[in-house]
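Peer 1: what's the 3D shape of this:
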Amino acid sequence: MAGSTKLDQQFIYFAKFGSEKADGKTITIIQIDKWFKQAELFDRRLTMTDTGVLFNEFESRTITYPQFLIFLDKLNKQKKIPLDVIKEKLQTCGLPGVTKKKEQDKDKEQENKES
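Peer 2: I've put the predicted structure just below:
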């Protein structure tokens, strides 16, 4: 199972994900949506449309980590999702592109080698 990583470190990982030019200091809505999807935050209550509308309030193509924290706070208030739940899921979803299923498959493979 994926371990816990600090939110600011996860921000850097996902801000760099999918872009060779990215320095990890700012993140796009596409990267946020990938992160939220991996963290399994999207459901009937929260959609990519919701995150897109909220992101557009910043009037920029990218946002910084302090702005991202404001983004999460606004999301909490608008969608009534507890902030600690949002942050916990974002911190524990693993590195970009590493899903829980991939982690489980890796664990099973390791167990089979040890048997």
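Peer 1: C-alpha from now on. contacts and neighbour counts both.
Peer 2: Noted.
Peer 1: can you pull the contacts of Tyr65?
Peer 2: With contacts defined as C-alpha atoms under 8 Å, 6 or more residues apart in numbering, Tyr65 is in contact with Asp8, Phe11, Lys25, Thr26, Ile27.
Peer 1: can you tell me the SS state at the residue nearest to the last one when sequence neighbours are not counted?
Peer 2: Spelled out, that is Ile27. Once flanking residues are discounted, Ile27 sits nearest to Ala15: 4.5 Å by C-alpha to C-alpha, 6 or more residues apart in numbering. Recorded secondary structure, Ala15: helix (DSSP: H, G, I helix; E, B strand; the rest coil).
Peer 1: so for the chain, the centremost residue is which one?
Peer 2: With distances taken as C-alpha atoms, centre = their mean, Trp35 lies nearest the centre of the chain, 2.7 Å away.
Peer 1: any chance you could map the strands in the chain?
Peer 2: Applying DSSP state E to the chain gives strands spanning 26-27, 63-64.
Peer 1: need the winner for burial among the ones you listed.
Peer 2: Of all the strands of the chain, strand 26-27 carries the top mean neighbour count, a mean of 22, counting by mean count of other C-alpha atoms under 10 Å.
Peer 1: can you pull out the low-pLDDT segments for the chain?
Peer 2: Low-confidence segments of the chain, defined by pLDDT under 70: 1-4, 99-115.
Peer 1: now with 80?
Peer 2: By pLDDT under 80, the low-scoring segments of the chain are 1-5, 99-115.
Peer 1: sorry, back to before: number of nearby residues for the residue lying closest to the residue nearest to the centre of the chain once chain neighbours are set aside?
Peer 2: Distances taken as C-alpha to C-alpha, 6+ apart put Phe14 closest to Trp35, at 6.6 Å, once the chain neighbours are dropped. Number of residues near Phe14 (other C-alpha atoms under 10 Å) recorded here: 24.
Peer 1: one more: Phe58?
Peer 2: Quick note: Phe58 (other C-alpha under 10 Å) scores 14 neighbours.
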